[in-house]
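[1] no sequence for this one, just the structure:
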């Protein structure tokens, strides 16, 4: 089991959210969901995490994260923002 407590490249996610008029608080929600899902993953599961927001039509989006091995310690996993798609 992994323990992910932060998201790399979070500032890039925040910039993408602000560009489409979404709040940084929405980014908190997206990252919390992604970290929860990453922490539940087994080693042999996919290394890509997709978070879809569908509750509010104004916030329809897909955010993609990647689960990476830490370069300094291969036993440690890191969650990194990869892409944001506003629908």
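    Perfect, thanks for sending it. Source: prediction; values computed, not measured.
[2] distance of the spatially most distant residue from the centre of the chain from residue 79?
    The outermost residue of the chain relative to its centre, with distances by CA atoms, centre = their mean, is residue 72 at 21.5 Å. Applying CB to CB, to the nearest Å, the value for residue 72 to residue 79 is 16 Å. Where C-beta positions appear, they are placed from N, C-alpha and C, glycine not excepted.
[3] burial of the residue nearest to residue 22 when sequence neighbours are not counted, as a residue count?
    Spatial nearest neighbour of residue 22, chain neighbours left out: residue 59 (6.0 Å); criterion: CB to CB, 6 or more residues apart in numbering. Residues within reach of residue 59, counting by other CB atoms under 10 Å, total 18.
[4] how about residue 59, what does it touch?
    Shown in contact with residue 59 (CB atoms under 8 Å, 6 or more residues apart in numbering): 22, 26, 53.
[5] let me see the backbone angles for the first one.
    Okay, so that is residue 22. Dihedral pair for residue 22: phi -90, psi 160, per degrees, to the nearest 10.
[6] residue 61 is in contact with that one, correct?
    Yes: with contacts defined as CB atoms under 8 Å, residue 22 counts as touching residue 61 at a distance of 7.3 Å.
[7] list residues touching both of these two?
    residue 86.
[8] could I get the full set of strands for this structure?
    With DSSP state E as the criterion, the chain has strands at 7-8, 48-53, 61-69, 77-86.
[9] please report the distance of the residue nearest to residue 22 from residue 69.
    32 Å.
[10] adding mean neighbour count, mean pLDDT and distance to residue 41, write the strands of the chain out as a markdown table.
    Compiled in a markdown table, the strands of the chain are given as follows (neighbours: other CB atoms under 10 Å; pLDDT from 0 to 100; distance: least, CB to CB, whole Å):
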| stretch | mean neighbour count | mean pLDDT | distance to residue 41 |
| --- | --- | --- | --- |
| strand 7-8 | 18 | 93 | 15 |
| strand 48-53 | 16 | 93 | 8 |
| strand 61-69 | 18 | 92 | 7 |
| strand 77-86 | 18 | 93 | 8 |
